[in-house]
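Engineer: Quick one, fold the following:
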Amino acid sequence: TGDNAYLRSHQEPRTQEPSSPENTIADSNYLLDFRRGFFIPDSSGVAPVNYRNAMSDEGSPDRRDDNIVRMRWLFQRELGSDLVFFHEVTVPPHAVEGTHRHIGSEELYYVVSGAGLAYTGDGDAADTDGYPLVERPVFGVGPVKCRELPVRPGSVLYTKSGGVHGIRNPFDEPLVFVAFLYHTT
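Structural biologist: Numbering: from 1, shown residues only. A predicted model of the protein is given here:
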């Protein structure tokens, strides 16, 4: 039985059609699994779910049919704490994971390979005043002043509830990062 109070869902690659609703599985509850841990010996077998114009509103200059971001959902329902998911994101050359705001959740990005430009709301992240100030379309919000930050392997971007972030790949090689999202406590 489910608790039906959380409207919980998870992502599965049931089709490769970008942003297909077939990839969102309505669970209406949390998975209770009493194992103390999980081990994935080789996560390369976890198929991605494709998203067209991830977090880009109609009318955004980033909204294009070829702007497809791939997410490999490594852990979702297995997580029993306030952690919502852990996934690997691939932003192909010249694609964008749209700039968006977190409310009630926090997210941590760690860049694994490639290079790109990350965006954080002006004043959201410490020690970013020296970086270019640009205006970015923020999903569901409109234009927001953001700092444009160069990222490469080893770069970390942490966004608290109320904060804004996103990533653009203006280069010819894929940009790969892992993301942890969790509820704000």
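
Engineer: who's in contact with Arg14?
Structural biologist: Each residue near Arg14 by C-beta atoms under 8 Å, 6 or more residues apart in numbering is listed here: Ser20, Glu22, Asn23. C-beta here means a position set from N, CA and C on the backbone, and glycine is covered the same way.

Engineer: Who wins on neighbours among those residues?
Structural biologist: In terms of neighbour count, Asn23 stands highest of the contacts of Arg14 at 22 neighbours, by other C-beta atoms under 10 Å.

Engineer: I'd say it and Gln16 touch.
Structural biologist: No: at 9.2 Å, Asn23 and Gln16 do not qualify as touching, with contact defined as C-beta atoms under 8 Å.

Engineer: number of nearby residues for the spatially closest residue to Phe171 that is not a sequence neighbour?
Structural biologist: What sits nearest to Phe171 in space, not counting adjacent residues and going by C-beta to C-beta, 6 or more residues apart in numbering, is Ala115, at 5.7 Å. By the measure other C-beta under 10 Å, the count of residues near Ala115 is 15.

Engineer: How much space separates Ala115 from Met71?
Structural biologist: Distance from Ala115 to Met71, counting by C-beta to C-beta, to the nearest Å: 19 Å.
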